[in-house]
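Enquirer: Any chance you can model this:
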Amino acid sequence: MHLSLSTLVAALALLAARKCASAVASDDRLIATAFAVGDERSLPWGSSVLEPDAAYDRARVVDDTLDVLKTAKSVSLRMETLRRATIYVGSDRARATELLAKLGWMALDAEAAKNAAWAKGACFDAGFLAACYAQAKVDVGWKPAVEDGVQGWAWIRRAIDLGADDPSVRLAASLVRPRR
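Expert: Model prediction:
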């Protein structure tokens, strides 16, 4: 069987277009995926995965996010809260920077205090938020915790190194940095 050059070029172009389309669709996997929180309290939300609560005062997003994370026990609650916070800050660079800075400072403080239990949660939170920002194209003026070309990965890897190795963290890690 012989394919003409034009048929081969058309087939390769179609294959490339499908690859590009699938890459674009997967680029927002952290933002387009709602993580189950059960009855736990996260930030207020609308009725669909990408629909924030229109009545929510976005000026409270930094404080409300930190309040939830202080008491959050499950990794999925942490992920969902950070996903929602990312959508709420949107293009508000000041709020986005403030939230990321506070989480980064918490990770740094926990590491400096040699408090591994606190550091693994703080590093995870900062890394997951940075990865959400990258996927949602939230610009804070720099690319935080880039490792292997993935924003936030250095902090998440550090959390895993510190012992944050439960299945939920592994799920988050696979969403942030899929196997290549």
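
Enquirer: Residue 103 contacts residue 122, doesn't it?
Expert: Yes. Residue 103 is in contact with residue 122 according to Cβ atoms under 8 Å; the separation is 6.8 Å. Backbone N, C-alpha and C define where each C-beta goes, glycine included.

Enquirer: Please report how far residue 38 lies from residue 72.
Expert: Relative to residue 72, residue 38 is positioned 12 Å away (Cβ to Cβ, to the nearest Å).

Enquirer: ok, now residue 35?
Expert: Counting by Cβ to Cβ, the gap from residue 35 to residue 72 is 11 Å.

Enquirer: can you check residue 117 too?
Expert: Residue 117 is 14 Å from residue 72, by Cβ to Cβ.

Enquirer: The two: which is more packed in?
Expert: residue 72 (21 against 11; other Cβ atoms under 10 Å).

Enquirer: Now the more buried one: closest residue in space that isn't a chain neighbour?
Expert: residue 78 (5.0 Å; Cβ to Cβ, 6 or more residues apart in numbering).

Enquirer: counting contacts, what elements does whatever helix or strand the one you found lives in pack onto?
Expert: Following DSSP states H and E, the helix or strand that holds residue 78 is helix 75-89. With contacts defined as 3 or more Cβ pairs under 8 Å, 6 or more residues apart in numbering; DSSP states H and E, helix 75-89 has these neighbours: helix 61-71, helix 93-112, helix 116-136, helix 167-176.

Enquirer: Quick one: work out the angle between that helix and helix 167-176.
Expert: On the basis of axes from the mean of the first three to the mean of the last three Cα atoms, to 10 degrees, helix 75-89 is oriented at 40 degrees to helix 167-176.

Enquirer: got a list of contacts for helix 75-89?
Expert: Here helix 75-89 makes contact (Cβ atoms under 8 Å, 6 or more residues apart in numbering) with 30-31, 33-37, 40, 42-43, 45, 50, 52, 56, 58, 61-62, 65, 68-69, 72, 95-96, 99, 121, 124-125, 128-129, 132-133, 136, 138, 164, 166, 168-169, 171-172.

Enquirer: could you measure the residue nearest to residue 176 when sequence neighbours are not counted against residue 98, distance?
Expert: Counting by Cβ to Cβ, 6+ apart, residue 176 lies nearest to residue 131, which is 4.3 Å off, once chain neighbours are set aside. To residue 98, residue 131 is 18 Å away according to Cβ to Cβ.

Enquirer: Who has more neighbours out of those two?
Expert: Neighbour count, other Cβ under 10 Å: between residue 131 and residue 98, residue 131 has more, with 28 against 16.
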